[in-house]
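1. pasting the sequence and the predicted model now:
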Amino acid sequence: MRGKFITFEGGEGGGKSTQAARLASKLKSLGLSVVVSREPGGSAGAEAIRHVLLSGAAKPLGPHAEAILFAAARADHLRQTIRPALERGQWVISDRFADSTRIYQGVLGNVDARLIARLEKLTVGDLSPDLTIVLDVAPEIGLTRVSERRGNAAVDRFEAEAFEFHKKLREAYLELAEHEGERCVVINAGADAATVAEFVWSVVNTRLQPAEFPMMIQDAS
């Protein structure tokens with residue numbers, strides 16, 4: 001049986017990686033095999049591209065070039081990590097996926113939606129997440145969290161954008177979730193991590209019924 005594919009989306013500081021880890025732990029407690037990944041990244045080739053993108057080295061090339069680099073990273077991530085895991089019957093949880101390119105490069109970067117769609121068709125094909133959880137948080141809260149978490153480390157490519165960018169980012173994600181309500185669920189990520197995790201689990205439990213999924217004897221994650 002094919003595994004389930006869950007993605008976390010949203011603006012900066014929403015707690016995507018934290019919630020992905022908490023959800024994975026919960027699923028594993030049911031005896032399910034889980035792979036936690038991220039974008040850009042999740043495979044050797046994609047991680048190399050991640051460094052180029054988040055360091056800002058690709059920014060001077062413009063959003064079109066960034067969209068192509070994200071697509072290249074996603075293609076490797078899918079080939080090396082996501083598709084094999086799903087075929088093994090594992091559950092895959094990814095911190096970001098194709099929706100991020102739609103929003104960051106498409107909506108905010110003004111890359112033609114037709115190009116975004118073609119890149120997605122080439123890389124993703126007919127594979128769609130079974131569930132996408134949009135962690136919604138006010139940008140002033142999210143950016144404060146990011147700053148506290150980062151400490152003295154350098155600001156990455158997207159965290160460094162102006163506040164107006166992050167406001168538009170939030171609006172774009174909420175619009176996406178409204179248009180694709182069968183797949184996307186918005187969760188208020190302004191609360192503490194434990195409370196958010198309870199909401200996440202409620203959604204996953206209702207939508208995907210993990211307790212009824214066949215257990216795997218070995219966890220290959």
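-> Yes, it's here.
2. which residue is nearest the centroid of this protein?
-> Nearest to the geometric centre of the chain sits residue 96, at 1.3 Å (CA atoms, centre = their mean).
3. any buried residues in stretch 150-168, and which?
-> Neighbour-count burial for stretch 150-168, counted by 16 or more other CB atoms under 10 Å, picks out 156-159, 161, 166, 168. For every residue, glycine as well, the C-beta is placed using N, CA and C.
4. helix, strand or coil: sort out residue 77 for me.
-> Look at residue 77: counting by DSSP: H, G, I helix; E, B strand; the rest coil, its state is helix.
5. can you pull the contacts of it?
-> By CB atoms under 8 Å, 6 or more residues apart in numbering, the contact set of residue 77 is 37, 39-43, 46.
6. gap between it and residue 8?
-> Counting by CB to CB, to the nearest Å, the separation of residue 77 from residue 8 is 15 Å.
7. same question for residue 91.
-> 13 Å.
8. over to residue 156?
-> 17 Å.
9. can you check residue 82 too?
-> From residue 82 to residue 8 the distance is 14 Å (CB to CB).
10. and these two? which has more neighbours close in?
-> Shown here are residue 82 and residue 8; by other CB atoms under 10 Å, residue 8 has more neighbours (28 against 25).
11. tell me the bridge partners for the more buried one.
-> Taking DSSP bridges as the rule, residue 8 bridges to residue 95, residue 133.
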